[in-house]
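J.: The sequence and its predicted three-dimensional model are supplied below.
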Amino acid sequence: MAAGSGTSIAVLGAGSWGTALSMQLARAGARPVLWDLDTEHLQAIGAAGRNERFLPDYPLPSALTVEPDLESALRRTAEILIVVPSHGFIGLIEQIEPWLEPGQGIAWACKGLEPGTGQFLHRPAQRMLGNERPLAVVTGPSFAVEVAADLPTALTVAGTDAAFSARIARLLHAGNFRAYTSDDIVGAELGGSVKNVLAIATGMCDGMGLGDNARAALVTRGLAEMMRLGRELGAREQTLMGLAGMGDLVLTCTSDLSRNRRLGLALGAGRSVAQAVAEIGQVVEGVKTAAEVHRLAQRRGVEMPISEQVYGIVHEDWDPYQCLRDLLSREQKDESY
């Protein structure tokens, strides 16, 4: 019997990632109910039996249903998985809060920080819903199109309540999809956020034609930045060296399926941020996250020179070639720093 046999789960967000995770939940034996703010988009998915906007080549499993009414989607299901851009996370929490059952957990597959505060998403969720409600993030090296195609994937479910995290992991864990659990939600959210900023940097490196040596240096020194910030915030090194950290960083920095890397490629080739985002046609999380990571590092006194240069290029119109010169001209130091 499948691990998620019969369990109903509301998946809030019918983009490429929400759709792909819904497909995996159905494969694992759960009964996902897919909702989206864009009612026309959701109705088109239901009519076509596939997400023609984002994943046109992959028919939806019969166990997956769509529900345009948010309250009905929540009333019909036992579990909740939020899959929206990180800047929409808090607004959606506010919408669903009146319909939550006491003690009902919330999981999300969003990678980013709360706009304005730079807090990891579990912090505003706790602020709004209380510290007793189980929370979990689903994160790690994964592209929606590969999950939709049922290619091998491994992710981490990190949360505040071990039983809830294990329950969400079991709903996903089946076939070619492995789901591991962790209690280091800070490390998991940190890895999933910072890697998007670093992917922009490696994309720019390749767009400028700087070579494989430079890309490897950026990925490695970017990981060092991630771990410095992680130590300051109480994340575990093991988490940042695992799927949620290094795994996601390597994937996002090296594959052209990554929107953040593609943004960097376009910037390195001389296009503006607005032009690059328009060409990609989907949310590029690293744009907003670059600003939040920059502010967080400044507040905590953590040196993150690569992330700082990405922030400057994306938000302050700094010249990429001057940023490269600034990075290369930094004083010599021990690699352990």
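T.: All right, it came through fine.
J.: is it true that Pro115 touches Glu292?
T.: Yes. Assessed by C-beta atoms under 8 Å, Pro115 is found in contact with Glu292 at 6.9 Å. In this view, the C-beta of every residue, glycine as well, is placed from N, C-alpha and C.
J.: So for these two, which sits in the more crowded spot?
T.: Glu292 (23 against 16; other C-beta atoms under 10 Å).
J.: mind checking which helix or strand the more buried one is in?
T.: Assigned by DSSP states H and E, Glu292 belongs to helix 285-300.
J.: Check which helices and strands that helix sits against.
T.: helix 185-207, helix 212-233, helix 259-268, helix 305-315 (3 or more C-beta pairs under 8 Å, 6 or more residues apart in numbering; DSSP states H and E).
J.: which of those helices sits most buried?
T.: The highest mean neighbour count among the helices and strands packed on helix 285-300, using mean count of other C-beta atoms under 10 Å, belongs to helix 185-207: a mean of 28.
J.: ok so, going back, in a markdown table, list the helices and strands packed on helix 285-300 along with distance to Tyr58 and mean pLDDT.
T.: What follows is the helices and strands packed on helix 285-300, written out as a markdown table (distance: least, C-beta to C-beta, whole Å; pLDDT from 0 to 100):
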| stretch | distance to Tyr58 | mean pLDDT |
| --- | --- | --- |
| helix 185-207 | 24 | 97 |
| helix 212-233 | 30 | 97 |
| helix 259-268 | 19 | 97 |
| helix 305-315 | 32 | 98 |
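J.: Ala278: what secondary structure?
T.: helix (DSSP: H, G, I helix; E, B strand; the rest coil).
J.: For it, give me its contacts.
T.: Counting by C-beta atoms under 8 Å, 6 or more residues apart in numbering, Ala278 makes contact with nothing.
J.: Ok, Arg261 next?
T.: Arg261 sits next to 199-200, 202-203, 206, 252-255 when contact means C-beta under 8 Å, 6+ apart.
J.: now with 6 Å?
T.: Applying C-beta atoms under 6 Å, 6 or more residues apart in numbering to Arg261 gives the contacts 199, 203.
J.: quick one: it from Ala154, how far?
T.: Going from Arg261 to Ala154 by C-beta to C-beta, to the nearest Å gives 20 Å.
J.: Please apply the same query to Leu223.
T.: 19 Å.
J.: quick one, domains of this protein?
T.: If you go by automatic domain parsing, the domain ranges for the chain are 8-183, 191-328.
J.: Out of these, which is closest to Glu335?
T.: Counting by C-beta to C-beta, Glu335 lies closest to domain 191-328 out of these; the figure is 8.1 Å.
J.: Poorly predicted segments of the stretch 1-150 of the chain, please.
T.: For the stretch 1-150 of the chain, applying pLDDT under 70 flags the ranges 1-5.
J.: Show me where it has its strands.
T.: 8-12, 31-35, 50-51, 55-59, 65-66, 79-82, 106-108, 135-139 (DSSP state E, counting those that start in this stretch).
J.: most tightly surrounded among these?
T.: Mean neighbour counts for the strands of the stretch 1-150 of the chain (mean count of other C-beta under 10 Å) peak at strand 135-139, with a mean of 28.
J.: who does that one touch, helix- and strand-wise?
T.: The contact analysis (3 or more C-beta pairs under 6 Å, 6 or more residues apart in numbering; DSSP states H and E) places strand 135-139 against strand 106-108, strand 153-159, helix 162-172, helix 185-207.
J.: got the contact list for stretch 47-64?
T.: 16, 19, 22-23, 26, 31-32, 45, 148.
J.: and those residues, which two are the farthest apart?
T.: Ser16 and Arg31 (21.0 Å).
J.: And the domains of the chain: which comes nearest Tyr337?
T.: domain 191-328 (7.7 Å).
J.: Between the two ends of the closest one, how far is it?
T.: 25 Å (C-alpha to C-alpha, to the nearest Å).
J.: How about stretch 171-185?
T.: 19 Å.
J.: So which bits of that stretch are buried?
T.: 171-174, 177-185 (16 or more other C-beta atoms under 10 Å).
J.: cool, and stretch 138-155?
T.: 138-148, 153-155.
J.: What sits closest to the spatially most central residue of the chain if chain neighbours are left out?
T.: Nearest to the geometric centre of the chain sits Lys111, at 2.8 Å (C-alpha atoms, centre = their mean). Excluding its sequence neighbours, the residue lying closest to Lys111 (C-beta to C-beta, 6 or more residues apart in numbering) is Gly192, at 3.7 Å.
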